[in-house]
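1. Fold the following for me, if possible:
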Amino acid sequence: MHLTVEEALRIYPLSRSRIVAGAEGAGRVIKSVNMMDAPDVSDWVKAGEMLFTTAFAIKDTPEDFLRLLQKLNERGSAGLGIKLGRYWKQIPRSSSRKRTGFIFPCWSCRTNLRSPTR
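-> Residues are numbered from 1 along each chain as shown. This next block holds a predicted model:
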């Protein structure tokens, strides 16, 4: 069974995240999950893949972020979760549909997504 982005973001700890761009794309189906640690991840991403990043690989080049979103959208990625705090304080406004011309879901993750300890 696969979840949509919207369904996944209802499950703790992702429920602590907030969609900041491309909410209309929250119906995209997630088939797998991966971490982004290199700027060329879009060359390897599969359709339906949900990516997470700290934005380290693109922290100094916001224009690369827009290119990344375009490529992820073309490859059919489910969406991108960005852990804010260390490298970016907020997701660049360039991710909005008005600026990109397409709908691609991006959400901000809290700095601590760990499950509570027992």
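
2. pLDDT at residue 79, what is it?
-> Reported pLDDT at residue 79 in the predicted model: 93.

3. in the protein, which spans are strands?
-> Under the criterion DSSP state E, the chain contains strands at 3-4, 18-21, 29-30, 32-35, 49-53, 79-83, 106-109.

4. Format the ones you listed as TSV; extra columns: distance to residue 10 and mean neighbour count.
-> To be clear about C-beta, it is placed using only N, CA and C from the backbone, and glycine gets the same treatment. Below are the strands of the chain laid out as TSV (distance: least, C-beta to C-beta, whole Å; neighbours: other C-beta atoms under 10 Å):
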stretch	distance to residue 10	mean neighbour count
strand 3-4	9	16
strand 18-21	12	18
strand 29-30	12	16
strand 32-35	16	13
strand 49-53	14	21
strand 79-83	14	24
strand 106-109	12	21
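
5. Now distance to residue 60 too, for these, in JSON lines please.
-> Output for those, formatted as JSON lines (distance: least, C-beta to C-beta, whole Å):
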{"stretch": "strand 3-4", "distance to residue 60": "33"}
{"stretch": "strand 18-21", "distance to residue 60": "20"}
{"stretch": "strand 29-30", "distance to residue 60": "29"}
{"stretch": "strand 32-35", "distance to residue 60": "19"}
{"stretch": "strand 49-53", "distance to residue 60": "14"}
{"stretch": "strand 79-83", "distance to residue 60": "15"}
{"stretch": "strand 106-109", "distance to residue 60": "19"}
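
6. and of those strands, who's closest to residue 67?
-> Evaluated over those, closeness to residue 67 peaks at strand 79-83, with 12.9 Å, by C-beta to C-beta.

7. confidence score at residue 115?
-> 54.

8. now the end-to-end length of stretch 31-40.
-> One end of stretch 31-40 to the other measures 20 Å (C-alpha to C-alpha, to the nearest Å).

9. can you list contacts of that stretch?
-> Residues from elsewhere that reach stretch 31-40 (C-beta atoms under 8 Å, 6 or more residues apart in numbering): 2, 41, 45-53, 56-58, 64, 68, 78, 80.

10. Right, I'll leave it there.
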